[in-house]
Structures are given as structure tokens and as C-alpha cells.
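S.K.: Let me see the structure of the following:
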Amino acid sequence: MGMLVTATAQLECSFGTDPGVLDVPGGTVLCAQLPVATIEAIVPEENIPSFGMCNSLMNPEVDAATTAAMGELVPMPCVPVVPAPWAPGSPTVLVEGVPALNQSSKCECMWEGVIQILAAGQEGTQVAD
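M.R.: You can find the predicted model right below:
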């Protein structure tokens, strides 16, 4: 069983330096008085925040800065690029026909970072994985 994910969920990226907070603006379904997220909550800066600095050499800005520093890794500001929905979503809970996000869901940044949920944003609402 996974925990249903809502706005204020705590996130982290494997290449970011800081955690972030999921936002679900205009959410129509509530859990513990917070909007429930779906697998489509992947819009950078609207749903998925910056994770501080990016350490991935797949990020062109990090690669260019690192090359200019003679190969010494130079982190650059994180701007997530998430080309595909979170997976897996909840097979049992739909929000306007879209699978809800559960705590075991993950998504990938184009720069190869894995974004995962550290805390669901609400306490106690379990859903089937």
C-alpha cells in the first residue's frame, strides 16, 4: 500500500542539492484538506520545484561549466525537465480520470535525475499500489 500524495509533499532529485515541495494548484479532489496530485503533476516550477543546484553532467549547463573548469564538477541552478508522467500511479484512485500519485511513484528528469517522494504531504491515507 502506498500513501496518497497531496500538495506539500516533500520531493528530492538524485542530482539536486536541496529537497523541494510539490505543488498542486487548482486541485479539485482533496485529501486531508489538501489537493490530491496525479501522475500528470510534472510541470517544472508549477508542480515540481527547483532542487537547488544540479550536479548532472547530462545537464548542458553543468557540462559546460565543468568543461570550463578543466573537468572539476561545477553545479548549476536546477531547472527540472520532466518529459513523462510519474510512474506508477495508483491503480485504484483516479482524479478526473487520471491515476492519483502515490508515495512509491517516481519520475525522471531529462538530465537523468530520479525524482522521488520523501513525504506524502498528508498523513494516513493509504491506497493500493
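S.K.: contacts and neighbour counts: CA atoms only from here.
M.R.: Will do.
S.K.: Now do the residue lying farthest from the centre of the chain against Ser90, distance only.
M.R.: Distance from the C-alpha centroid of the chain peaks at Met70, with 31.8 Å (CA atoms, centre = their mean). Plainly put, Met70 is 46 Å away from Ser90 if you go by CA to CA, to the nearest Å.
S.K.: what's the answer for Ser50, then?
M.R.: 25 Å.
S.K.: For this protein, which strand extends over the most residues?
M.R.: strand 114-119 (DSSP state E).
S.K.: name the helices or strands packed onto that one?
M.R.: If you count contacts as 3 or more CA pairs under 8 Å, 6 or more residues apart in numbering; DSSP states H and E, strand 114-119 packs onto strand 10-13, strand 106-108.
S.K.: Minimum distance to Ile42: which of those strands has it?
M.R.: strand 106-108 (8.2 Å; CA to CA).
S.K.: just the helices in the protein please.
M.R.: 60-68 (DSSP state H).
S.K.: lowest-pLDDT helix or strand in it?
M.R.: Here the helix or strand of the chain ranked lowest by mean pLDDT, DSSP states H and E is strand 126-127, holding a mean of 56.
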